[in-house]
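Asks: the amino acid sequence is not available; the structure is as follows:
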């Protein structure tokens with residue numbers, strides 16, 4: 001169990017291997033990840049490495065006292081993203097050290113977490129793949145409605161978790177066991193096989209695959 005990385009989704013493309021095989025890929029740019037804090041079992045009850053990445057905009061003044069203390073302690077510019085990764089004791093890193101794209105290798109399997117694209121308020125046909133009501137024969141103005149949602153007088157309520165219309169997307173989603181096709185150390189890019197949640201410039205968390213299939 002070792003620390004992961006913080007990156008930004010660049011977009012989708014295709015990768016051509018030497019034997020002419022085309023693989024759909026997602027490009028993730030790994031910003032410099034600096035170890036901003038170390039959590040130990042004696043002091044915090046667990047082992048973890050806290051990483052800070054992606055510089056804040058020069059006009060962004062939203063930095064609280066705790067953040068100022070954190071960044072001034074290791075003498076770095078304020079960062080936008082601060083994340084913790086659980087590790088074992090042997091994989092603890094030095095405070096202020098830097099991690100880049102070479103943290104992961106080609107053909108390695110990793111888990112990716114990012115925020116999915118927001119779709120706004122969506123109906124049940126789009127959100128939950130409902131079939132809708134009949135196209136004719138007595139149905140009017142309700143073709144895309146969800147139909148009945150409750151029961152009779154007993155229990156006389158709509159149960160929690162009922163699939164209904166509502167806000168769709170814009171949630172944290174993870175994809176497991178994505179293969180690294182290539183690591184471009186010159187441009188700090190990681191080529192991931194397939195697609196990952198989120199639009200361009202979405203913040204991405206990369207860590208070693210839990211299942212490692």
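Replies: Good, I have the coordinates. On a predicted model such as this, the values are computed, not experimentally measured, just so you know. Residues are numbered from 1 along each chain as shown.
Asks: nearest residue to residue 174 in space, please, no chain neighbours.
Replies: residue 113 (4.5 Å; C-beta to C-beta, 6 or more residues apart in numbering). No exception for glycine: its C-beta is placed from N, CA and C like everyone else's.
Asks: buried residues in the helix or strand encompassing residue 69?
Replies: Here residue 69, judged by DSSP states H and E, is contained in helix 65-73. Neighbour counts over helix 65-73 (16 or more other C-beta atoms under 10 Å) mark 67, 70, 71 as buried.
Asks: would you map the strands across the protein?
Replies: 5-16, 22-30, 33-39, 48-55, 79-86, 98-99, 109-115, 120-122, 166-168, 172-184, 189-193, 203-208 (DSSP state E).
Asks: counting contacts, what elements does the helix holding residue 69 pack onto?
Replies: strand 33-39, strand 79-86 (3 or more C-beta pairs under 8 Å, 6 or more residues apart in numbering; DSSP states H and E).
Asks: the shortest one to strand 203-208, inter-axis angle?
Replies: The reference is to strand 33-39. With axes from the mean of the first three to the mean of the last three C-alpha atoms, to 10 degrees defining the directions, strand 33-39 sits at 70 degrees from strand 203-208.
Asks: what lies in contact with strand 33-39?
Replies: Residues from elsewhere that reach strand 33-39, judged by C-beta atoms under 8 Å, 6 or more residues apart in numbering: 5-6, 46-53, 70-71, 74, 76, 79, 82, 84, 92-100.
Asks: out of the residues you listed, which are buried?
Replies: Listed as buried from the contacts of strand 33-39 are 5-6, 47-53, 70-71, 76, 79, 82, 92-93, 99; burial here means 16+ other C-beta under 10 Å.
Asks: thank you kindly, that will do.
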